[in-house]
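next one to model:
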Amino acid sequence: MYGPELVGRGRLAAHQATGVGAERAGDAAGDLAGQMHDEAVIADRPGDQIGTVRQDQRAEIAQRNAARHGVSDRVRFVQADLLTAAIEEQAATPEPRAFDLIVSNPPYVALGETTDLAREVRDHEPASALFGGATGVEIYTRLLEQAAAMLRSRGILVVEIGYGAADSVRRMFHVQQAWANISVTNDLAGIPRVIAAERV
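Purely as a prediction, here's the structure:
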C-alpha cells in the first residue's frame, strides 16, 4: 500500500528528472506506476521503467495493476530484494545507464507493531511487504546505499516512511553524505510521510 503523498511527490520528481530511467521499488509498484501515469509521467518519459517486487504473486498483481492503468507496455517488473536485481543487471551491461528517478514504498512497520495493524492488513499482506525490521527503519540504510549506486548525479530518490520515522530516516540520508536537498512531505493529517532527496 502507498499514500497519495508518495504518488504526488513521485509525479513531481518525474517531471523534474531530465533523463530517461525510472525505478519503482516495493510491492505496490504496479499501482504506483499506473497512478504516476495519470499525469502522463510514464508516457512522457522514454527509456526504462522498472518495478521491483519481492514475491512472485506480488509481481502478478503488479502486472495486472499496470495493465489496468494502461502502462503494461512501458513498465518491466522483476522479482528482487529492493534494487538488487537492477544493480546486478547494470553490472552485467556493457554500457550501464544510471537512473534518473527511484520511487520506493518499502516495508516500514516495526516488528513490535504487529497488533497495531488493521486486521485485513495483518491477516492478508505478506510479512515481507509490511515489516522493515525491529524498529521499521532498518531497511532504509540498504535502500539508500543501493539507490545512491543506481542514480545519476542530481537523480532523485523518493521514499515513503512510517509514522514517527522521519527523523531517523532523514539522519540516514545525512550520514551517507550522498544526498542533497532533502525534503519531507506531510500527509493530510500533518504527519511526515514522504522523504525526497537529490543524489549529489
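
relative to its centre, which residue of the chain is most distant?
The centre of the chain is farthest from one residue, Pro94, which by C-alpha atoms, centre = their mean lies 26.0 Å away.

now that residue: phi and psi?
Dihedral pair for Pro94: phi -60, psi -40, per degrees, to the nearest 10.

what is the mean pLDDT for the helix or strand hosting Arg171?
Assigned by DSSP states H and E, Arg171 falls within helix 166-176. Mean per-residue pLDDT for helix 166-176: 96.

which single strand of the protein contains the most residues?
Looking across the chain with DSSP state E, the single longest strand is strand 151-160.

just give me how far it sits from the chain centre.
10 Å (C-alpha atoms, centre = their mean, to the nearest Å).

neighbours of Leu144, how many?
22 (other C-beta atoms under 10 Å). Every C-beta, even on glycine, is put in place using the N, C-alpha and C of the backbone.

er, Val175 I mean
11.

distance of it from Met150?
19 Å (C-beta to C-beta, to the nearest Å).

give the contact list for the nearest residue to Leu130 once chain neighbours are set aside.
Nearest non-adjacent residue to Leu130, counting by C-beta to C-beta, 6 or more residues apart in numbering: Val109, 4.7 Å away. Going by C-beta atoms under 8 Å, 6 or more residues apart in numbering, Val109 touches Leu117, Leu130, Phe131, Gly132, Gly136, Gly162.

again, but for Ile195
Per C-beta under 8 Å, 6+ apart, neighbours of Ile195: Val158, Val159, Ile161, Ala166, Val169, Arg170, Phe173, Ile182, Ser183, Val184, Thr185.
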